[in-house]
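>>> would you be able to build a 3D model of this:
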Amino acid sequence: MSLVAPPGRKAAYILKDVVWQNIYATDKKDVAEIEEELFDLGDFQLTLEDMRTLSEVESTAINYDYFEALDELGLSPEFVDEVSRRTDDLIDFPYGSYKVGVFNSFIEGKGLFATGDIANGEIIAPARINGKRTPAGRYANHSPTPNAVAQKYSDGNIDFIASKDIEGMVGGVVGEEITVDYRQVLRINLGEELCLES
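Next up is the predicted model:
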């Protein structure tokens, strides 16, 4: 992506790793003069309103892709919402140590978030066990740029596995939200209740 903007501060909400490069045309040769002209080196803080706006932009992109995914899979939003809200198929995580917790999400309602660093390829948590959903299976939200994938085993159980390094909690602030592409998750459940005709 490239964009043209006047000199000054820039802020972006980054969805994945990027290289950000600024290019400015100038006839000046002295670096100090160029910095004086182009850079504002004062304190810079995003307000809570700025963060909400950036989160809304991300949420809009994710919601658009969510509906695209449902359309591709032939599922109605109402059906998926109904299945998601069911409580009769929920179970707790089995005994063990998990680096995740359920917190409020900018994507949708509650989400599954990393409380500790999770390495690429590491099992995050079980999502389905014996046909029942765990908190991971219940609260992992959709993203077109997910950081986890579903792995289904011969016994039908499903784990979520990190598809990249995921940053955990820092200084009391929850880490990255664990997201999956619902296309991938629902496709591996073909024949199960999540993919019944809506």
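>>> so which elements touch the strand ranked longest in the chain?
Secondary structure of the chain per DSSP state E: the longest strand is strand 123-129. When contacts are defined as 3 or more Cβ pairs under 8 Å, 6 or more residues apart in numbering; DSSP states H and E, strand 123-129 packs onto helix 135-139, strand 148-152, strand 158-162. Backbone N, C-alpha and C define where each C-beta goes, glycine included.
>>> that one: which residues count as buried?
I124, A125, P126, A127, R128, I129 (16 or more other Cβ atoms under 10 Å).
>>> which residues in this structure form strands?
Secondary structure of the chain (DSSP E): strands at 100-104, 110-114, 123-129, 132-133, 141-142, 148-152, 158-162, 177-180.
>>> can I get those strands in CSV with mean pLDDT and distance to R85?
As requested, these are exported to CSV (pLDDT from 0 to 100; distance: least, Cβ to Cβ, whole Å):
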stretch, mean pLDDT, distance to R85
strand 100-104, 93, 15
strand 110-114, 93, 11
strand 123-129, 95, 17
strand 132-133, 93, 11
strand 141-142, 90, 14
strand 148-152, 94, 20
strand 158-162, 95, 19
strand 177-180, 94, 18
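>>> still on that earlier bit, quick one, the longest strand of the chain and strand 100-104 angle?
Per axes from the mean of the first three to the mean of the last three Cα atoms, to 10 degrees, the angle that strand 123-129 makes with strand 100-104 is 80 degrees.
>>> quick one: work out the angle between strand 123-129 and strand 110-114.
For strand 123-129 against strand 110-114, the angle by the same axes, to 10 degrees is 140 degrees.
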